[in-house]
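> give me a 3D structure for the following:
(2 chains)
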Amino acid sequence: MSAPGNFPIPKRGPGIWQPKIIGILCNWCSYAGADLAGGGRIQYPPDVRVVRVMCTGRIDSLFVLKAFADGADGVLVSGCHFGDCHYLEGNYKGAKRMFMVKRLMKSIGLDDRRFRMTFVSASEGAKWGAVITDVVKTINELGPSPINELKK
Amino acid sequence: MAEKKSTTKKTESKKDTKKVAPVKQEVKKQAAAPAAKPKAEEAPAKSPIDNLAKAEDARIGVFICHCGTNIAGSMDIEAVQEAAKTFPHVAYVDNYKYMCSMPGQTVIHKAIKDHKLTGVVVAACTPRLHEPTFRTATKDGGLNPFRFEMANIRDQNSWVHMHDREGSTDKAKDAIRIAVAKAALLQDLHPKAVPVEKAAMVVGAGVAGMQAALDLAAAGIKTYLIEKDMSIGGRMSQLDKTFPTLDCSQCILTPKMVDVGRSPNIELMTWSEVHEVEGYIGNFDVTIRKKARGVMTPKEAEAKGIVGGGCNGCGDCEGVCPVIKPNEFEIGMKPRKAIYVNHPQVVPLIYTIDFTSCVKCGLCVTACGPEKRAIDLEMKDEFVKVKVGTAILATGYDIFPIENKQEWGYKRYENVISSLEFERLICASGPTGGHLVRPSDGETPKRVGFVLCAGSRDNTGTGKPYCSRFCCMYSLKHAHQIIEKIPGCVPYIFYMDIRSFGKMYEEFYYRIQDEGAKFIRGRVANIIEDKATKNLHVMADDTLLDRPIDMEVDMVVLAAAIQPAADTNRTRKLFGVSCSSDGWLLEAHPKLNPCGTTTAGVFLAGVCQGPKDIPDTVASAEGAASAASIPIHMGEVELEPYFASCIPEKCAGCGMCVNLCPYSALSLVEKDGRTVMQVTEAKCKGCGTCGGFCPGGAIWMNHFTTPQIVAQIDAFLLGGEQ
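Numbers count the residues shown, from 1 in each chain, chains lettered A, B, ... in the order given. Modelled structure (predicted):
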């Protein structure tokens, strides 16, 4: 058994809000980094659900917005470090779009801290653990997405 | 006008994504289903994409792996299985202890047939480990291998939520839900076979690169061996003897160097660098920069019409050159001229001009004479293009700049030397002819201190956290050489642990102990020089006797850590290879694919992947050569069919994607009187950058289509409340 990690295990049950966070990861860096965190038994909170794509360049801004429209409390996009993209420059192009999403979120009054783009390489398992711990902490602080409130 | 058009496109695509989403939800929200249905039916009729998956017909089998207790120990498999049965499209659910084993795969085969499955989801480790395994299993069961999707419930779940059983169980359910949503929309895909160029490239001609090149050449493959230095042999050519057999490095290496030089299948390119790499496995177009050498080889001279000319290695030029510089091969302990060879045994024996120090006096040109006319002081860099099927990186290592650890006084105290300097001093062909002397006064030392882990296993931030792996053994060898060559000289070895892990290594360690070497277990805190005698005081803590030590020695040898060679980072980026946080190149999998990389067709040999001693280096080189020869001997390889394609009826012909593509795979063409985008599949690597941008949603990314990804997002966020 490994160290428990730097986060509390929350109470769960009916009526208790659990953050819904979706992570869209590139295959070559962040997904591999997340696998490495597993190999290293680095513990982090289980609230992020992962969708794998080949490159962050594949991520349409609409995917992120769709996730928020569906009621996601947070969205994480993670790819390779700049200059390390498996497809040369897909992450630059992806990042550009993600900045646009952040601006859009601000202008519609959705806290842009709910959306994050990070850069985690295939060798940064420990960093992946830290990123997820921090993302979950941030979303827990922000609480449920206002879009869900509006839906009601 | 144009602007208006693009806005309508945008709303359309938004609608589109929303429309596809309910396909997954149709079980619950029937109202949305009819809206999606005609869409799915009409698309295949017009677009080039055939067999568009229809989710409503999908029958998905879910197979949950226990992975022994790796997965089963951290979550409630029963609960996951029960939940999976309730997901839309799921026709069959099963679990097994080891899904990847033969009985596990048989479960999949049988279920596909018995339950008429259209898609397979395996919830197990990671697609980066076993996607190929389960794709094969899916294929064996009679489905297209791309009808398989994996849910990662080990590496990204059970292993990282070991203390949160409830959380990891919930996450596993969602992971399967997401995978099933995608599996319901998966299509049949067919890998594209491409021919493989019957040639290979090896970058770096140290012992790893030479061995790999020799093996490839022996297998009948034309091999380009690229070396940035003027001669081949690499680090090993600088060594004197090799442990534990104590045979001399040169005796092993020089015959190999000669073999490389005369093998008809090896095209040796020294003083050259990889400049640019394009293409993919089977068809790499590599541009090589041949740095201006200033001296022509006989071949080059003949090409220029100077028959019988070119450098024959006579060395007349060196004799007359007036410029004197430190020889880098001897780590500055011997002079060289501006026109020089590293050492007399170099392969190829061609002189090289160091243009940064050459004064262009022309004396060498005169000395070379009118017959050979080998020297051209105006030579420029040349660029050569070659096409290869596979490539091996064997870029090797450099010595860690040990002067960064200031407490040991390297480069401040004359008698503190690095282990590589020791190798040159003790080597018969070295600057002193094999006599170990103190740099300060040329005296023979009587007490030599060896500081092990000099920069290795160092978590202070100034050194390297890893073990450099061969320093213990070569320091034992150094101790032996001192005892053998200098009667009465005592080696004192300051060590943390002696890591003598290899075959016959531990026995060698005992032998050196018996020969009289003194071992002190303690990390050296600092070294102080006696100004008068230039002797050194080694300060350490003897952790076995638990007392501080101040040992006066005549000379200190630092067993310096190693780090990736200076140019490794540039080279690896050209080939698209990742590196670890230490800079060592990253293999595809440490156990399943230790020579391969994440770029298909690019392999790793030797120390560029991580510290290795010579036997391991040669073994890894032979492994890499074998791996690199497989695609070439197969004659063709299958590329993953993750290509982009255009849905012409949605394409507005704006051409934004054409500029986005890093591989120039897209172009605009006229089709039925309209301008639409077209994909050159051979160039497309499937990153999806075009598909992520297209404002009209007109790009179809195989296996990562917009409906599939949206279905995954919806499955988690909308399906979660079911």
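
> confirm B:Ser620 sits in a helix?
Yes. Assessed with DSSP: H, G, I helix; E, B strand; the rest coil, B:Ser620 lies in a helix.

> tell me if I am right that B:His190 is in a helix.
No. B:His190 sits outside any helix when classified using three-state DSSP, being coil.

> give me the number of residues near it?
11 (other Cβ atoms under 10 Å in any protein chain shown). C-beta coordinates here come from the backbone N, C-alpha and C atoms, glycine included.

> which element is the closest residue to it other than its chain neighbours on?
What sits nearest to B:His190 in space, not counting adjacent residues and going by Cβ to Cβ, 6 or more residues apart in numbering or on different chains, is B:Pro641, at 6.0 Å. B:Pro641 belongs to no helix or strand when assigned by DSSP states H and E.

> B:Pro641: how many residues sit nearby?
17.

> next up, the contacts around it.
B:Pro641 sits next to B:Phe146, B:Leu189, B:His190, B:Pro191, B:Lys192, B:Asn702, B:His703 when contact means Cβ atoms under 8 Å, 6 or more residues apart in numbering or on different chains.

> confidence score at residue 126?
Unless you meant another one, I'm taking chain A. Per-residue pLDDT puts A:Ala126 at 93.

> wrong one, I was asking about chain B
Looking at B:Thr126, the pLDDT reads 94.

> that one contacts B:Asp155, correct?
Yes. The pair B:Thr126 / B:Asp155 is scored as a contact, 4.3 Å apart, by Cβ atoms under 8 Å.

> which residues do the two both contact?
A:Asp35, A:Gly38.

> low-confidence ranges, the stretch 1-150 of chain B, go.
B:1-55 (pLDDT under 70).

> now do 80
In the predicted model of the stretch 1-150 of chain B, residues B:1-56 satisfy pLDDT under 80.

> mind giving me the domain ranges of chain B?
B:1-22+B:640-722, B:53-186, B:199-396+B:566-634, B:400-563 (automatic domain parsing).

> where does the chain have its least confident helix or strand?
No chain in the question, so chain A it is. Ranked by mean pLDDT, DSSP states H and E, the weakest helix or strand in chain A is helix A:146-151, scoring a mean of 86.

> sorry, I should have been clearer: chain B.
helix B:32-46 (a mean of 39).

> partner strands of the next helix or strand after that helix, parallel or antiparallel?
The helix or strand immediately downstream of helix B:32-46 is strand B:60-65, counting by DSSP H and E. Strand B:60-65 pairs in its sheet with strand B:90-96 (parallel), strand B:119-124 (parallel), by DSSP bridges.

> what's the closest of the ones you listed to B:Lys477?
strand B:119-124 (46.7 Å; Cβ to Cβ).

> who touches the closest one?
Counting by Cβ under 8 Å, 6+ apart, B:58-65, B:67, B:71, B:80, B:84, B:89, B:99-100, B:108, B:112, B:130, B:134, B:137-138, B:141, B:143, B:147-154, B:172, B:175-176, B:179-180, B:183-184, B:186 sit against strand B:119-124.

> got a list of what B:Gly104 touches?
So B:Gly104 contacts B:Phe63, B:Cys65, B:Tyr96, B:Lys97, B:Tyr98 (Cβ under 8 Å, 6+ apart).

> the last one and B:Gly68 touch, don't they?
Yes. Shown here, B:Tyr98 and B:Gly68 form a contact pair, counting by Cβ under 8 Å, at 7.0 Å.

> neighbour count winner among these two?
Taking other Cβ under 10 Å, B:Tyr98 and B:Gly68 do not tie; B:Tyr98 has more neighbours (15 against 10).

> can you tell me the SS state at the more buried one?
Applying three-state DSSP: B:Tyr98 is coil.

> below-threshold pLDDT in chain A: ranges please.
Using pLDDT under 80, chain A drops low at A:1-5, A:152.

> ugh, wrong one, chain B
B:1-56, B:719-722.
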